[in-house]
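Chemist: no sequence for this one, just the structure:
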């Protein structure tokens, strides 16, 4: 099987939503030279995986091999409240000295981007409450006959069965996944008291995923806080 690198033909249709590019833009990587640099880093990761593993042409087995390889390369992958920006996750994975690569969003973004580069279509799965700690995202791989939950925060998380009966399961596409970056950025700004930045990012999140109730709720809380502060002036 030949998987082209670098200037390979993209499997993404012209004009379609590009997960890799949009996730980097949402993460704050706006300049072309910086975008190109992170595309090169993803090229490097993809090349390393292909060179070391020589993966099979079977997409399900290839996805499992990639998942296992990422955990072998960086065993200390998951960090609660860790990196969620795609660029930070890429840097943390490539940095041998870093402890923790990313949170559930960051690890799912990296895995899904690498899957897409190998021609494997994958969505995300959103859970309102998982592991008793609140909202959570993971990879959802659709095979020929069935779907597979891939829990990126656990080393044995490929074909994870623990969320199958979760009543809050919601399938997310690329736009919804990128929207969660903006939502997380909004929360960061909110915690720092930077209301304008929080509002801007909540609105970007809602633009991409108008059905995400948590973002709408956080925006309402923010507007209420801003209104009360104005009334005190």
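Modeler: Perfect, I can see it now. Fair warning: this is a prediction, and the values are worked out from it, not measured in the lab.

Chemist: contacts for stretch 201-214 next, please.
Modeler: 26, 128, 135, 172, 175-176, 178-180, 182-183, 185-186, 189, 215-216, 218-219, 222 (CB atoms under 8 Å, 6 or more residues apart in numbering). C-beta: built from backbone N, CA, C; applies to glycine.

Chemist: how about the lowest-mean-pLDDT helix or strand in the chain: buried residues?
Modeler: Ranking every helix and strand in the chain by mean pLDDT, DSSP states H and E puts helix 213-232 at the bottom, with a mean of 87. Buried residues in helix 213-232, counted by 16 or more other CB atoms under 10 Å: 214-215, 218-219, 222.

Chemist: select the longest helix from this protein.
Modeler: Criterion DSSP state H: the longest helix present in the chain is helix 32-53.

Chemist: below-threshold pLDDT in this structure: ranges please.
Modeler: Low-confidence segments of the chain (pLDDT under 70): 1-15, 229-233.

Chemist: domains of it?
Modeler: The chain breaks down into these domains under automatic domain parsing: 19-172, 174-233.

Chemist: name the nearest residue to residue 79, sequence neighbours excluded.
Modeler: residue 100 (2.9 Å; CB to CB, 6 or more residues apart in numbering).

Chemist: what does residue 170 give?
Modeler: Per CB to CB, 6+ apart, closest to residue 170 is residue 126, 4.5 Å.

Chemist: helix or strand right after the host helix or strand of the one you found?
Modeler: Using DSSP states H and E, residue 126 sits in strand 122-127. Once the chain leaves strand 122-127, the next helix or strand it forms, by DSSP H and E, is strand 136-142.

Chemist: list the buried ones in that following strand?
Modeler: Under the neighbour-count criterion of 16+ other CB under 10 Å, strand 136-142 has 136-141 buried.

Chemist: before we move on, what about stretch 182-200?
Modeler: Using 16+ other CB under 10 Å as the test for burial, stretch 182-200 gives 182-187, 189-190, 198-199.

Chemist: taking these one by one, which sit in helices?
Modeler: Per DSSP H, the buried residues of stretch 182-200 map to helices at 182-187, 189-190, 198-199.

Chemist: of all those residues, which two lie farthest apart?
Modeler: Within those, two members stand farthest from each other by CB to CB: 184 and 199, at 14.6 Å.
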